[in-house]
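Chemist: How does the following fold in three dimensions:
(chains A and B)
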Amino acid sequence: MIPYNKVARLFEEQAKDIDFYQNSEVLSIKASLEELLDNNRKQLVFLVGEPGVGKSAFLNNFDTLFASKYDIIKFDMPFFEPVDFIKTLILKSQQEVKEFHLEGLIQQVIEIYKDAHYIVLMDEAQLLSNQMIEVIRILADSKAFWFILAMHKHESKKILQAPQFATRPHKVLELGVLQKHEYESFIYAQLTKVEKQYLAQELVDKYLKSIYTLTHGNFRNLKKLLFHLFLLLHFAHEHKKIKYQKLSKCLLLMSAIDGGIIDA
Amino acid sequence: MLEFDILEKKCKAYRRKKFVKFFSLGIGVVSLVGGGSYFIYNYQAMPKKENFVPHVMVKAVSRQIIKPIKNFKKIEQKQELKPKLEQDIPKKRLVKKREHNHTVISSGEVTLVKLQEIFAKRHTYDIAIKIAKKYFKKHNYKQSLVWAKKANSLNKEDEASWMLYAKSRYALGNVKSAKEILHFYLNYKNSKKAKLLLEKWNKQ
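Modeler: Model (predicted):
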């Protein structure tokens, strides 16, 4: 029998075993992006959503999602210095940095990429500095790249209202929260991997509503809750805490507290 | 992972907190609904402002006015005899006597002053018309005219103020204007009393 602590690893953040879960929101964004990338001129695309809905996962799985249809350059964190950003872009094209000042570097990078069809994916774009915003604006105007900038919804207004972006053609795509039935299929899919379908059945039948109420459709919080839930179950079995060896609302609540999803 | 026991305690505290929150919310909603319906019920049951006199006040005032004090001296004498009588009378009857004495204490003058004091605090038709009637009975027609007018300004629907206003004018010698008032009122409302009074004055 697979111990619960190993089951918990299935739901750990950044777990390698976890498959990218393509919920209805992801599929809708995918369709919109495909339509945009195939039929429009190069421009800025903003991917917004609450923290934990899966923006980063979407960017991480971009290549798989679109079956390597597009050439991508991905940055997990925005650069603070525009020079470093431009240099990295030049180096990614296997070419040498020829210029030493920003204007020259920008010209060089535009020359390299103007005929290519590259998409620059940038996560945590709410952290972009004003100088970086200005450089991205120049590169977007040059039509050398597509830019997909992912950022938190509540912080996106500031960036979107920046004069560099507000007056230029851009698209905003919002990644929404998971639906209850999507929770169900995710839990089933993950627990089937470790042959714990009976647990999935119990979670879905008795506790789906409670899980959804605690996590509000947030994918990261769902994984966090399940991770802590199985760790607690493991602990209860190890330390003969009979009351907590089975799933219960109290155990779910304890997992939510342990995972920092709710304050208590 | 936090310690299991701490988590257990935190879970219990969280549930308790949530229960208290829902419970107080429930109580709040119930009292809001209850209070609201009580207010609506009372507001609907409350008479219009012009006619509104608190029940207790009406009772006190009406008791003093409806039963005017006749043979005041005799009553005073009876009061003097009262201590002797109290020794012979059973307790139940004594109580009744006391209630009766309550009426006796108030005199006509005091009642009028009190009524005016009450009116100063709360302008109502009932009190104004009672004052007007009181003055009319005392043959103080100027004051009864003033109070009948006050009463009329508070409630034009009740014929008593119209009648008393006209009668006061008539008593002060303004026959023409007294008749005009009754004519005016008759155009406004079909009042038997007003018709009879006008016929009576026309015959004179």
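
Chemist: From now on I want contacts and neighbour counts done on CA atoms only, so please keep to that.
Modeler: Fine.

Chemist: in the lowest-mean-pLDDT helix or strand in chain A, what's buried?
Modeler: Scoring the helices and strands of chain A by mean pLDDT, DSSP states H and E places helix A:163-166 at the bottom, with a mean of 79. Across helix A:163-166, burial judged by 16 or more other C-alpha atoms under 10 Å in any protein chain shown covers A:164, A:165.

Chemist: packing partners for it?
Modeler: helix A:130-141 (3 or more C-alpha pairs under 8 Å, 6 or more residues apart in numbering or on different chains; DSSP states H and E).

Chemist: Surely residue B:170 forms part of a helix?
Modeler: Yes. Residue B:170: assigned to a helix according to DSSP: H, G, I helix; E, B strand; the rest coil.

Chemist: Pull the contacting residues for it.
Modeler: Taking C-alpha atoms under 8 Å, 6 or more residues apart in numbering or on different chains, we find residue B:170 in contact with B:177, B:178.

Chemist: Check residue A:58 too.
Modeler: Counting by C-alpha under 8 Å, 6+ apart, residue A:58 has contacts residue A:26.

Chemist: cool, and residue A:135?
Modeler: Residue A:135 touches residue A:82, counting by C-alpha under 8 Å, 6+ apart.

Chemist: Look up how far chain B lies from it.
Modeler: 44 Å (C-alpha to the nearest C-alpha, to the nearest Å).

Chemist: same check, this time on residue A:259
Modeler: 8 Å.

Chemist: hmm, who's touching the least confident helix or strand of chain A?
Modeler: By C-alpha under 8 Å, 6+ apart, helix A:163-166 touches A:133, A:134, A:137, A:159, A:160.

Chemist: Out of the residues you listed, which two sit at the greatest distance?
Modeler: A:134 and A:160 (12.8 Å; C-alpha to C-alpha).

Chemist: Now the residue in the stretch 51-200 of chain A that chain B sits nearest to: closest residue in space, sequence neighbours ignored.
Modeler: Nearest residue of the stretch 51-200 of chain A to chain B: residue A:52, at 20.7 Å (C-alpha to the nearest C-alpha). Leaving aside its chain neighbours, residue A:52 sits nearest to residue A:220 (4.6 Å; criterion: C-alpha to C-alpha, 6 or more residues apart in numbering or on different chains).

Chemist: could you give the mean pLDDT of stretch A:170-178?
Modeler: Averaged across stretch A:170-178, pLDDT comes to 91.

Chemist: What residues of that stretch count as buried?
Modeler: A:170, A:173, A:174, A:175, A:176, A:177, A:178.

Chemist: measure the residue nearest the centre of chain A to residue B:130 for me?
Modeler: For chain A, the residue nearest the mean C-alpha position is residue A:56 (2.0 Å; C-alpha atoms, centre = their mean). Separation of residue A:56 from residue B:130 (C-alpha to C-alpha, to the nearest Å): 85 Å.

Chemist: Based on its surroundings, how many neighbours for residue A:49?
Modeler: 21 (other C-alpha atoms under 10 Å in any protein chain shown).

Chemist: Residue ranges in the stretch 151-264 of chain A under the pLDDT threshold?
Modeler: For the stretch 151-264 of chain A, not a single residue meets the criterion pLDDT under 70.

Chemist: 90 - rerun?
Modeler: Scanning the stretch 151-264 of chain A for pLDDT under 90 picks out the ranges A:153-171, A:180, A:189-190, A:193-199, A:202, A:204-205, A:240-241, A:243, A:263-264.

Chemist: Strands of that one, residue ranges please.
Modeler: Using DSSP state E, counting those that start in this stretch, the strands found in the stretch 151-264 of chain A span residues A:170-174.

Chemist: and it, which of its residues are near chain B?
Modeler: The stretch 151-264 of chain A has residues A:228, A:232, A:250, A:253, A:254, A:257, A:258, A:264 near chain B, with proximity defined as C-alpha under 8 Å from any C-alpha of the partner chain.

Chemist: now do 6 Å
Modeler: By C-alpha under 6 Å from any C-alpha of the partner chain, the residues of the stretch 151-264 of chain A that approach chain B are A:254, A:264.

Chemist: quick one, helices of the stretch 151-264 of chain A?
Modeler: A:153-160, A:163-166, A:180-193, A:197-215, A:219-238, A:249-258 (DSSP state H, counting those that start in this stretch).

Chemist: tell me the angle of the fourth one relative to helix A:219-238?
Modeler: Read that as helix A:197-215. Orientation check (axes from the mean of the first three to the mean of the last three C-alpha atoms, to 10 degrees): helix A:197-215 against helix A:219-238 gives 130 degrees.

Chemist: The third one too?
Modeler: An angle of 40 degrees separates the directions of helix A:180-193 and helix A:219-238 when computed by the same axes, to 10 degrees.

Chemist: CA-only coordinates of helix A:180-193 in PDB, if you can.
Modeler: Presented in PDB, the C-alpha positions along helix A:180-193 are these (Å, rounded to 0.1, in the frame of the first residue of the first chain):
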ATOM      1  CA  LYS A 180     -16.200  22.500  -9.100                       C
ATOM      2  CA  HIS A 181     -16.400  19.700 -11.600                       C
ATOM      3  CA  GLU A 182     -12.800  20.500 -12.700                       C
ATOM      4  CA  TYR A 183     -11.700  19.900  -9.100                       C
ATOM      5  CA  GLU A 184     -13.400  16.500  -9.400                       C
ATOM      6  CA  SER A 185     -11.600  15.400 -12.500                       C
ATOM      7  CA  PHE A 186      -8.300  16.700 -11.200                       C
ATOM      8  CA  ILE A 187      -8.600  14.800  -7.900                       C
ATOM      9  CA  TYR A 188      -9.600  11.700  -9.800                       C
ATOM     10  CA  ALA A 189      -6.800  12.000 -12.300                       C
ATOM     11  CA  GLN A 190      -4.100  12.500  -9.600                       C
ATOM     12  CA  LEU A 191      -5.300   9.800  -7.200                       C
ATOM     13  CA  THR A 192      -5.800   7.200  -9.900                       C
ATOM     14  CA  LYS A 193      -2.000   7.400 -10.500                       C
END
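
Chemist: Pull the distance from that helix to the chain's centre.
Modeler: 19 Å (C-alpha atoms, centre = their mean, to the nearest Å).

Chemist: does chain A sit close to the longest helix anywhere in chain B?
Modeler: Ranked by residue count and defined by DSSP state H, the top helix of chain B is helix B:4-45. Yes. Using C-alpha under 6 Å from any C-alpha, helix B:4-45 reaches chain A at B:7, B:10, B:11, B:14.

Chemist: Reformat the residues you listed into CSV and put pLDDT and neighbour count next to each item.
Modeler: As requested, those are exported to CSV (pLDDT from 0 to 100; neighbours: other C-alpha atoms under 10 Å in any protein chain shown):
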residue, pLDDT, neighbour count
B:7, 89, 21
B:10, 89, 18
B:11, 90, 22
B:14, 89, 18
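
Chemist: now those residues as CSV including distance to residue A:99?
Modeler: Formatted as CSV, these follow (distance: C-alpha to C-alpha, whole Å):
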residue, distance to residue A:99
B:7, 59
B:10, 60
B:11, 61
B:14, 61
